[in-house]
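[1] Okay, sequence plus prediction incoming.
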Amino acid sequence: MLWFFLWVLWFVMLFRVFGDIFRDDSLSGWGKAGWAVFVCVLPFLGVFVYLVARGRGMGERDARQQRRQEEAFRSYVQEVAADAPETGATATTGTTTGTSAHTGPSHADQLTKLAGLHDHGDISDAEYARAKAKVLAG
């Protein structure tokens, strides 16, 4: 069982190292090729040498990638939150559910989603107030 765990752990490290090799913008193409060949030809030694030589930077590159993804997510959410009330249809089907003719979200659903985004901190107070006013207006 211990050998199985170590084998799985090594594969995880191998994939992390390959991901880090090709994610690093400061490493040249030849450097990436060299590390990839080294890790493929001598897998165990290659992974351990990479971790010793470039392991400290792995965490920094992971954190930088997380910040980029978080920033992209926030800008996407803010864009959608600003546009969402405008894209919702105002014509209702006459039923008590309040859904639109093309089965879009009701005003209550839109307000609930906006409140969730606001409570989670994904949109600011001003964006929340503007989007809420658009939903209630139309």
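    Looks like it arrived, so ask away. Numbering: from 1, shown residues only.
[2] Mind naming the longest helix for the protein?
    In the chain, taking DSSP state H as the definition, the longest helix is helix 43-87.
[3] Return the set of buried residues in the next helix or strand after it.
    Going down the chain from helix 43-87, the next helix or strand is helix 107-120, by DSSP states H and E. Neighbour-count burial for helix 107-120, counted by 16 or more other C-beta atoms under 10 Å, picks out 107, 110-111, 113-114, 117-118. To be clear about C-beta, it is placed using only N, CA and C from the backbone, and glycine gets the same treatment.
[4] so helix 107-120 versus helix 43-87, what angle?
    Inter-element angle recorded for helix 107-120 and helix 43-87: 130 degrees (by axes from the mean of the first three to the mean of the last three C-alpha atoms, to 10 degrees).
[5] For the chain, which residues score under the pLDDT cut-off?
    Scanning the chain for pLDDT under 70 picks out 84-104.
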